[in-house]
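>>> sequence unknown, structure follows:
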C-alpha cells in the first residue's frame, strides 16, 4: 500500500524548533527549520542526524519549505544549510524571504555579540543561505521537479505566513505552519480550498485555549495606555518592525481619534520607513479592509502617529513610543527604556516572547534591578506589562480548517501528548478521520488510497446508462466492462471492443446436464409431460414445444432421449450458455425433483 | 464594570459548576449526539484576588473534556472523589464520569445509575454532598426522589411520596436534611433519618398556575449552618420570595423583579446567592441580562425591587440581529471574589464580570 511517512524532528510534542520531515511517494521534503528559543546548547536545533549520519543533506532532501518568519520556524536554517550542508531549493513566500534574514541577523548579533557564543552561524552564512531561497506567490503551483509540486495558501497569523500543499501524483499533504482562522486589524483569516489532502499537518498550540475576546484585550490595553498617559506618564512599546506593531498602531490611532486625545504617539523612524516599505510591497497580504482604504489614504500613514527623534525621549509630559527592537536587548528601545525606567508613572508594555538573556526577558520574569554595561545598576520602577495578542488557531479554528480542506488524515504538532487526547478524539468523532500525534523522532506512517484514473469508452457509458434505472448520485451503479491496461494507460471498454482491439476471438461456453427421470413411456410422451409441467410452473418465461421434439425455456434447450440400457428411464439433456447460468441451474434442480404424477 | 471578559464557547452551555482547584465545568445541551463536557482552568486573573489588567494568560484553558451522547442539563461534582454525575433528557438516569486530569485529558464515562422512568421527557435534578460515602441526591418528580451511593449504585434512601409534581431543584442542607423545590413553587423538607415524613414548607404567594419556580440556597463560608440561610425562590413572572427554613410559615421577604418578558419560559430560570457578600443574590433566565439585588432592603410587601446592577453583555454579543437574541442560560458567583460572576448564554458566550459598587468603590 502506498504510504506517507512523517517524522517531526522538532515540535513533535513541544513548542519550538519546528522541523518536520515528510516522505511522500519517494520524495523527501523538510517542513520548517526552526530553533528552540528555550535552549542555549545543541538542543535548540532539530536533530538532523536522523536524516543521515554524515555528509551533506542535499542528496536526501528534494526541497525545504519555510512557512513563516519567526525564529521557531526558520532560526536553524543557516545552521542547516551552511554548517550541516544543504544546497537544494528552499521555498518560502516573498514577505518571508524579505523578513527572515533581518531576524536571523538580529538573533545572531544577540547570541554571538551579547552572549559570546562561538559555534554559531555567521552573517555570511545567512547571506549564502538566502541565496538558495526561491520565493513563491500565493496559489501559484511550483514544480519542484517532474513529479513534486507545491502550492502556498494564505495563513493569516503574521505577514507572509503560508500553509503549503505538497503534491506528488495524486497523493498530497498540507502543512499549516502557524495559522489564524479569525481576521485581525491588519491581516485576513487563513483560507484553503477543498483540496482533500491525504494528510493535514496542523499546529495545536492553542487547541486547548478558549480565548478572551479580542475586544476585551484591546480594551484593557487601551485602558492601561490611557491611564498612564492621563497621569502624565510615558508608555514604551518595544516592537519588532512588522507584525503586532501595525496592529497596535491602527488600534491606537482609532482610539486617539475617537477620544480626541492630544498626547503624542511616536514611531521609530527606521521603523516607519521599513514597515511602510514592506507593507506597500506586500499589500496583497493584508486584509480586505486595509487594501480598500489604502487607495483612499495610506493606512500606515497615521494622523496621530509621528516619526520619533531621539531627543523627544527627554520631553516632559505624556507620550507613547513604539521602538525597536522588540526584546529590549539593544538599540533605541533599550535607550528609551533606560531613560524612563526610574519613574513609576511610566509604563513599558512587552508585546511578546523575549529570548533569555535580553532585558525584556529579565523584566518580564520580575527582575527590577538590572545590571547594565559598565556595572551600572538600573532600578526599574516603571510598570511592566505583558500583552499577548498572539494569533494562533484555537480548537474551533482547527476544526474549521479541517472542515475546509477535508483531509483523510490529520496529524497534530506543537502540543503536549497528554493535552491533545481530547482534541484527537474530537477530530476523529466529528470528521471520521484518523488523528496522529507523534513525538520528536517518532515516525508516523499513513496509508493512502491513491486514485487511479481510468478512461471509459463513450459507447460503454451510453450502453450502461441505457440499462436499468437512472443514475442516482447516492447509489453506486454496477457496471460491467473490461479493463484494458495498455501502454501506460487504463481504459474501460465493452467486451466486444476489447476483443476487437486485442485481436482475440470470443469463446462461447455451453453447459449440458443430464437429468434422469423414471418414465417407462415413450420419449415424446415424456417430453410432453415435461413441457406441461414446466409451462405450469414457469408462467413468466417463454416455454415452447418445438416440432423436432425439444423444449425451449427462453434460450435453454431440453431434449429427451431414452437411456441406453434402461428403457424405463429417460435422460433429459438440459443445455444452456454461460449467460443463462442462473436459469439453467434452476431448471436442472427443478427437473431433478421429478415430474408430478398426474401428467 | 470593574472588569469584563468575554469568551466564546464552541457550543452553548446551561450549567457552570465549580470544581476543586478553581476549575469550572461547562457542557453542551444539544439534542443531537456529540455534546462536550469541558473542565476549564480559568485564567490567572480570575484566580487571584486582585485584578490585573494585562496578564499574559487571559484565556480559559480546556483541562480535560468528555463526550456525551445525550444533552447535559445538569452536572455535579462528587466531592472528595474524581467523579462527576450528569443528567439530561430523555430519561431520569444519571451518568457517572471519571475525571483524572493528571493522566489524560479525557473525561471518561464510567457507568449509569438507572432509575425508573417517569412519564414524558423529564430529567433528573441532582445534588451531591461530601459524606462518608459519596452520595448523589436525584429525582425528576416529587415521588421519585432518592439518594444513591455513587460508586456502588446502591439506593440509600427514597423519599415518601407527596405528589408527582415536577421538581425544579433539590439540595442537601446538611448530611441529613434535604430541601426539594417543585416547579409549582412548593418547598418540601425531608429528613433522611425519617423516610416516611416529608415536611411541607410554605406555599407561594400567588396561585396562577402558569408560573414556574426555581430556588437558590446559599453555600456560605464553611461552618455556617445551611439551615439558617434563607432560601430564595424565583418565579417565571419575576416574583422573588425569601424564606427562613426555621420559620416556614411566613415569608422573610417578597419582592418583584423588573423583568422585560415575564412568563416567557422557565427553562433557564436561575437564582443564586453570593457566597462572599451578605444578602446579595442574582437572577437570570428571562432575557439576555443578569440582575444583581441587595435583599437586605427588602420587606414582605412584594413591591418592585431595584437591581444594584444589570449585566447586559450577552444581549450585545450576538452577531448583529440574526435570529433570536441570546438568552442567558445560567449564571454563578465566583467563590472568593465578592463581586465577580460568570454567566453563559444560548449563543455560546461565556462572560466573566465584576461590577462597581454604586458608591464608586470597586
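Received, thanks. Just so it is clear, the model here is predicted, and its values are computed rather than measured.
>>> state the next helix or strand along the chain beyond the helix or strand of chain B with the lowest mean pLDDT.
None of the helices or strands of chain B scores lower by mean pLDDT, DSSP states H and E than helix B:44-47, at a mean of 68. Remark: after helix B:44-47, the chain's next helix or strand is strand B:60-68, criterion DSSP states H and E.
>>> what helices or strands is that following strand leaning on?
strand A:209-210, helix A:417-431, strand B:23-27, strand B:35-41, strand B:108-113 (3 or more C-beta pairs under 8 Å, 6 or more residues apart in numbering or on different chains; DSSP states H and E). Heads up, the C-betas are built off the backbone N, CA and C, glycines and all.
>>> need the ones you listed in TSV (columns: mean neighbour count and distance to residue A:98).
Output for these, formatted as TSV (neighbours: other C-beta atoms under 10 Å in any protein chain shown; distance: least, C-beta to C-beta, whole Å):
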stretch	mean neighbour count	distance to residue A:98
strand A:209-210	22	31
helix A:417-431	19	34
strand B:23-27	23	44
strand B:35-41	23	40
strand B:108-113	15	50
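>>> in the helix or strand containing residue A:5, what counts as buried?
Residue A:5 is part of strand A:3-10, with elements assigned from DSSP H and E. The neighbour-count check on strand A:3-10 (16 or more other C-beta atoms under 10 Å in any protein chain shown) flags A:4, A:6-10 as buried.
>>> same deal with stretch A:33-50?
A:33-37, A:44-46, A:48.
>>> tell me the one among these nearest to residue A:18.
Nearest to residue A:18, judged by C-beta to C-beta, of these is residue A:34 at 4.2 Å.
>>> need the helix or strand of chain A with the lowest average pLDDT.
helix A:288-296 (a mean of 55).
>>> partner strands of the next helix or strand after that helix, parallel or antiparallel?
On the C-terminal side of helix A:288-296, the closest following helix or strand by DSSP H and E is strand A:305-308. With DSSP bridges as the test, strand A:305-308 is paired with strand A:265-268 (parallel).
>>> hmm, who's touching stretch A:447-466?
Residues from elsewhere that reach stretch A:447-466 (C-beta atoms under 8 Å, 6 or more residues apart in numbering or on different chains): A:1-4, A:169-171, A:198, A:408, A:471, A:477, A:479-481, A:483, A:489-494, A:497.
>>> looking at the helices and strands packed on strand B:60-68, which is closest to residue B:11?
The closest of the helices and strands packed on strand B:60-68 to residue B:11 is strand B:35-41. By C-beta to C-beta, the value is 6.5 Å.
>>> ok, back up a step: let's see which of the contacts of stretch A:447-466 end up in helices.
Of the contacts of stretch A:447-466, the ones assigned to helices by DSSP state H are residue A:497.
>>> what residues does residue A:35 make contact with?
The contact partners of residue A:35, by C-beta under 8 Å, 6+ apart, come to A:16-17, A:44-45, A:71-72, A:75-76, A:107.
>>> how close does it sit to residue A:316?
43 Å (C-beta to C-beta, to the nearest Å).
>>> residue B:307 too?
Going from residue B:307 to residue A:316 by C-beta to C-beta gives 46 Å.
>>> quick one: which of those two has more around it?
Ranked by neighbour count (other C-beta atoms under 10 Å in any protein chain shown), residue B:307 and residue A:316 place residue B:307 first, with 16 against 7.
>>> I'd assumed residue B:259 was in contact with that one.
No: with contacts counted by C-beta atoms under 8 Å, residue B:307 stays clear of residue B:259, the gap being 10.3 Å.
>>> could you check the pLDDT of residue 275?
Unless you meant another one, I'm taking chain A. Here, the pLDDT recorded for residue A:275 equals 62.
>>> correction: the question concerned chain B.
84.
>>> my guess is it contacts residue B:217. True?
No: using C-beta under 8 Å as the test, residue B:275 is too far from residue B:217 to be in contact (11.2 Å).
>>> tell me which of the two has more neighbours.
residue B:217 (23 against 18).
>>> list the contacts for the more buried one?
Counted by C-beta under 8 Å, 6+ apart, residue B:217 has contacts B:171, B:173, B:179, B:226, B:229, B:231, B:273.
>>> how long is stretch A:466-474 end to end?
Stretch A:466-474 has an end-to-end distance of 18 Å (criterion: C-alpha to C-alpha, to the nearest Å).
>>> no wait, stretch A:440-452
34 Å.
>>> what mean pLDDT would you report for that stretch?
82.
>>> buried set for it?
A:440, A:444, A:446, A:448.
>>> so what's the residue most central in space within chain A closest to, chain neighbours aside?
In chain A, the residue lying closest to the centroid (C-alpha atoms, centre = their mean) is residue A:174, at 2.7 Å. Using C-beta to C-beta, 6 or more residues apart in numbering or on different chains and skipping the chain neighbours, the partner closest in space to residue A:174 is residue A:197 (4.4 Å).
>>> residue A:194 contacts residue A:402, doesn't it?
No: taking contacts as C-beta under 8 Å, residue A:194 lies outside contact range of residue A:402: 11.3 Å.
>>> burial measure for the nearest residue to residue A:332 once chain neighbours are set aside, as a count.
Leaving aside its sequence neighbours, residue A:332 sits nearest to residue A:323 (C-beta to C-beta, 6+ apart; 4.6 Å). The number of residues packed near residue A:323 is 26, by other C-beta under 10 Å.
>>> go on, the one 3 residues further on?
Neighbour count for residue A:326, taken as other C-beta under 10 Å: 25.
>>> repeat that for residue A:361.
Residues near residue A:361, counting by other C-beta under 10 Å: 18.
>>> that one and residue A:327 touch, don't they?
Yes: Residue A:361 lies in contact with residue A:327 (C-beta under 8 Å); the separation is 6.9 Å.
>>> related to what we said a few turns ago, among the buried residues of stretch A:33-50, which one lies nearest to chain B?
Closest approach between the buried residues of stretch A:33-50 and chain B, by C-beta to the nearest C-beta: residue A:37, at 15.7 Å.
>>> thinking again about what came up before, return the members of the contacts of stretch A:447-466 classed as buried.
Buried among these by 16+ other C-beta under 10 Å: A:4, A:169, A:171, A:198, A:408, A:481, A:491-494, A:497.
>>> so can I have JSON lines of those residues showing pLDDT and distance to residue B:348?
Listed next are those as JSON lines, based on pLDDT from 0 to 100; distance: C-beta to C-beta, whole Å:
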{"residue": "A:4", "pLDDT": "91", "distance to residue B:348": "36"}
{"residue": "A:169", "pLDDT": "84", "distance to residue B:348": "42"}
{"residue": "A:171", "pLDDT": "90", "distance to residue B:348": "38"}
{"residue": "A:198", "pLDDT": "93", "distance to residue B:348": "33"}
{"residue": "A:408", "pLDDT": "92", "distance to residue B:348": "29"}
{"residue": "A:481", "pLDDT": "84", "distance to residue B:348": "52"}
{"residue": "A:491", "pLDDT": "87", "distance to residue B:348": "53"}
{"residue": "A:492", "pLDDT": "87", "distance to residue B:348": "50"}
{"residue": "A:493", "pLDDT": "87", "distance to residue B:348": "56"}
{"residue": "A:494", "pLDDT": "85", "distance to residue B:348": "57"}
{"residue": "A:497", "pLDDT": "84", "distance to residue B:348": "60"}
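>>> between the residues you listed, which is closest to residue A:575?
residue A:494 (26.8 Å).
>>> disregarding residues adjacent in the polypeptide, which is nearest to that closest one?
Excluding the flanking residues, the one nearest residue A:494 by C-beta to C-beta, 6+ apart is residue A:460, at 4.6 Å.
>>> buried residues in whichever helix or strand that neighbour is part of, which are they?
Residue A:460 is located in helix A:458-466, with elements delineated by DSSP H and E. Residues A:460, A:464 are the ones in helix A:458-466 that count as buried (16+ other C-beta under 10 Å).
>>> over to stretch B:127-142?
Those buried within stretch B:127-142 under the rule 16+ other C-beta under 10 Å are B:127-129, B:131, B:134-142.
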